[in-house]
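Asks: Next one to model:
(one chain, ligands or ions: 1)
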Amino acid sequence: MARSKSSKRWLEEHFSDQYVKQSQKDGYRSRASYKLVELDKKDKLFRPGMTVVDLGAAPGGWSQVAANRVGDHGKVLASDILMMDSIAGVEFIQGDFTENEVFDTLMAAIDGSPVDLVISDMAPNMSGVGAVDQPKAMYLVELALDMASQILKPGGNFVAKVFQGEGFEPWLAEVRSAFGKVVTRKPDASRARSREVYIVAKGFKG
Ligand SMILES: C[S@@+](CC[C@H](N)C(=O)[O-])C[C@H]1O[C@@H](n2cnc3c(N)ncnc32)[C@H](O)[C@@H]1O
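Replies: Numbers count the residues shown, from 1 in each chain. Down below sits the predicted model:
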């Protein structure tokens with residue numbers, strides 16, 4: 001089947017993208033790694049020995065960065081609806097985060113140990129219809145915030161990708177009430193045309 005103009009344009013753009021080229025050189029599984037690298041540079045998210053939960057982790061670009069930063073004494077627990085090839089130092093749980101069973105499996109894996117950082121890059125498959133995509137995306141960050149609020153230790157941090165649109169402001173207000181300091185970031189590696197932004201929330205009030 002002939003490729004549509006838009007998928008051809010996507011492929012051309014993908015292979016000429018500086019972050020795609022750089023990720024191939026650096027051995028990262030996705031260009032998304034550079035978003036987290038940039039957020040970490042600005043907001044000092046990681047320290048060796050931390051426990052990190054990575055939601056929406058596949059194919060593993062963020063988990064690679066997290067495992068590298070927390071080192072041998074740290075722990076990274078990652079989850080995605082899709083399968084992900086293993087990464088040293090990362091425990092992976094596959095499943096749909098909107099299902100209670102997956103939430104419970106993650107909670108069991110954490111087993112009450114204090115979590116320093118929750119990172120969520122989850123995004124639904126986009127249909128292109130805002131009225132369908134935006135509620136789905138907001139539901140995922142709602143659930144991510146809910147989990148972060150249950151597992152973070154006081155003073156812990158939360159990073160989430162969120163799409164600006166309906167539901168964003170009330171969600172942000174919830175984040176602001178749960179954390180001491182909240183900033184909105186648009187990393188260079190995030191495509192300008194995308195409505196995605198990253199919320200960095202520090203100092204969980206517990
Ligand atoms: C932008 S990608 C994440 C990229 C990843 N952070 C990286 O660096 O490689 C978004 C991910 O969210 C996942 N996702 C979407 N809906 C989900 C759901 N209901 N439960 C779990 N993961 C989900 C997708 O499967 C996809 O892998």
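Asks: Need the CA coordinates for the longest strand that the chain contains. CSV is fine.
Replies: Identified as the longest strand of the chain according to DSSP state E is strand 152-163. Output of strand 152-163 as CSV, limited to C-alpha atoms (Å, rounded to 0.1, in the frame of the first residue of the first chain):
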residue,chain,number,x,y,z
LEU,A,152,5.8,9.2,47.3
LYS,A,153,7.6,9.9,50.5
PRO,A,154,7.2,13.4,52.0
GLY,A,155,9.5,15.7,50.0
GLY,A,156,9.3,13.4,46.9
ASN,A,157,9.0,14.6,43.4
PHE,A,158,6.6,14.0,40.4
VAL,A,159,7.1,14.7,36.7
ALA,A,160,4.3,14.2,34.2
LYS,A,161,3.6,14.8,30.6
VAL,A,162,0.3,16.5,30.2
PHE,A,163,-1.6,18.0,27.2
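Asks: Span of stretch 153-172 from start to end?
Replies: End-to-end distance for stretch 153-172, by CA to CA, to the nearest Å: 20 Å.
Asks: what's the next secondary structure element after the longest strand of the chain?
Replies: Counting by DSSP states H and E, the next helix or strand C-terminal to strand 152-163 is helix 168-178.
Asks: contacting residues around that following helix?
Replies: For helix 168-178, the external contacting residues (CB atoms under 8 Å, 6 or more residues apart in numbering) are 138, 141-142, 145, 149, 158, 162, 182, 184, 199, 201, 204-205. (Each C-beta comes from the backbone N, C-alpha and C, glycine too.)
Asks: And those residues, which is closest to the ligand?
Replies: Among the contacts of helix 168-178, Val141 lies closest to the ligand (CB to the nearest ligand atom), at 11.0 Å.
Asks: tell me the contacts of that closest one?
Replies: Ser120, Met122, Ala160, Lys161, Val162, Trp171.
Asks: Give me the sheet partners of the longest strand of the chain and which way each runs.
Replies: strand 115-120 (parallel), strand 196-204 (antiparallel) (DSSP bridges).
Asks: For the ligand, tell me which of the contacts of Val141 show up nearby.
Replies: For the ligand, the contacts drawn from the contacts of Val141 by CB under 6 Å from any ligand atom are Met122.
Asks: Run through the residues of the protein sitting next to the ligand.
Replies: Within the chain, the residues that sit near the ligand (CB under 6 Å from any ligand atom) are 29-30, 32-33, 56-62, 80-82, 96-98, 121-124, 140.
Asks: mind running it again at 5 Å?
Replies: For the chain, the contact set with the ligand under CB under 5 Å from any ligand atom comprises 30, 32, 56, 58-59, 61-62, 80-82, 96-98, 121-123.
Asks: The strands paired with strand 152-163: which one's closest to Tyr19?
Replies: Nearest to Tyr19, of all these, is strand 196-204, at 14.4 Å by CB to CB.
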